[in-house]
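Q: Okay, sequence plus prediction incoming.
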Amino acid sequence: MVVTGECRLNHTCEMCEYNNDTDCKADQNEHNRWLVNFRMNNIKYKIIVGSNKGGVGKSTVTTNLAVALAEKGFKVGLADADLHGPNVPKLVDADNVRLRSKDEGGIVPYETRNGLKVASLGFLIEDPNMHIAWRDAVKYDFIIELLGNIDWGELDYLLIDLPPGTGNEQITIIDFIGDVDGAIVVTTPQDLALLDARKMISFARDSNVPIVGIIENMSTLTCPHCEKEVDVFKQGGGKSLAEELVIPYLGSIPLDGEITRRSDSGEPVVLSRPDSIAAKAFMELAENTHKFLNPQETLKAG
Ligand code: ADP
């Protein structure tokens, strides 16, 4: 093996097959790939969730989808790869949690009360008000840390909340995982968001990642006073895009102030308001996602 760089992941050297007692002789790239592969081997489905655009509710949808899959009885992990806005800890009411390393190597993810395992940069930074201004090499190390050092154990699903865009971080994640099982694209209904969603779809296709489907978020608002439906960001754009590009449409999530409030207080609606239209829509999304990946299987009753 050609040694091209020094391994910097010292605390995982103990478990790495390249370990040579005291000196890690691994080529850094080889070491990283071994580590990521080691973790991903125990995960059935690795799914990226992206939107290309920020603010369309990608983290909110990913978190509720992960919670919904966990409620369906699956073992689920949620990797928050949005390193410039690592909001998932807040969405699961774990802002003050810090992750701990295991002596034998690896970091233990945070576990919610319904068994969802979560890892995020938000668990590692001291001051949540500080911006992240990292060069690509540091971002790369973080992604390896997230994919290779978190000890997820056995999972049915690992959902990876991608940062906005289709650049270095997204490419590195897909490259290191190697066999991403699917991409879920979150959009809002208006043309401006759809324009960016198209780029996410083209990126996934170009990267040979199967498209699980499109989710339309903030679809319609039911007026709390007159109960009329109001299309704040229009309606149906996600479905039309799915039809045009011949990809599955996974469903729509309403624009609902309760989602905003519950997200702010770290209580995903799926758990805190299970009878709401939004929670039911997320459960349906979970079902549609599972059906796409397991067309032959009947889903456990939710
Ligand atoms: P992104 O990850 O795409 O940047 P977020 O998930 O952080 O977006 O959501 C942005 C804001 O929109 C948050 O305040 C969140 O609570 C809110 N939000 C997301 N989806 C909905 C929805 N369907 N209804 C109401 N508010 C929503």
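A: Received it, and whenever you're ready, just let me know what you need. Numbering: from 1, shown residues only.

Q: tell me which parts of the stretch 101-250 of the chain are close to the ligand?
A: Contact residues (C-beta under 6 Å from any ligand atom) of the stretch 101-250 of the chain with the ligand: 217, 218. Backbone N, C-alpha and C define where each C-beta goes, glycine included.

Q: Next, count neighbours for residue 128.
A: 12 (other C-beta atoms under 10 Å).

Q: Enumerate every residue touching it.
A: 95, 122 (C-beta atoms under 8 Å, 6 or more residues apart in numbering).

Q: again with residue 223
A: Residue 223 makes contact with 229, 230, according to C-beta under 8 Å, 6+ apart.

Q: ok, now residue 143?
A: Taking C-beta under 8 Å, 6+ apart, one finds 81, 169, 172, 173, 176 in contact with residue 143.

Q: So which of these are in helices?
A: Within the contacts of residue 143, residues falling in helices by DSSP state H are 169, 172, 173, 176.

Q: Could you single out the nearest of those to the ligand?
A: Nearest to the ligand, judged by C-beta to the nearest ligand atom, of those is residue 169 at 14.1 Å.

Q: which stretch of helix or strand covers the closest residue to that closest one other than its chain neighbours?
A: Spatial nearest neighbour of residue 169, excluding adjacent residues (C-beta to C-beta, 6 or more residues apart in numbering): residue 163 at 5.4 Å. Under the criterion of DSSP states H and E, residue 163 resides outside all helices and strands.

Q: Do I have it right that residue 163 meets residue 81?
A: Yes. With contacts counted by C-beta atoms under 8 Å, residue 163 reaches residue 81, the gap being 6.2 Å.

Q: between those two, what contacts are shared?
A: Shared contacts of residue 163 and residue 81, counting by C-beta under 8 Å, 6+ apart, come down to residue 169.

Q: Where does the stretch 1-150 of the chain get nearest to the ligand, residue-wise?
A: residue 57 (3.0 Å).

Q: ok now do that residue, which residues does it touch?
A: Listed by C-beta under 8 Å, 6+ apart, the contact set of residue 57 reads 186, 188, 217, 218, 253, 259.

Q: can you put these in JSON lines and add pLDDT?
A: Listed next are these as JSON lines, based on pLDDT from 0 to 100:
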{"residue": "186", "pLDDT": "98"}
{"residue": "188", "pLDDT": "98"}
{"residue": "217", "pLDDT": "97"}
{"residue": "218", "pLDDT": "97"}
{"residue": "253", "pLDDT": "96"}
{"residue": "259", "pLDDT": "97"}
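
Q: so of these, which ones are in helices?
A: Reading helices off those with DSSP H, I get residue 259.

Q: Not counting its neighbours along the chain, what's nearest residue 292?
A: residue 212 (5.0 Å).
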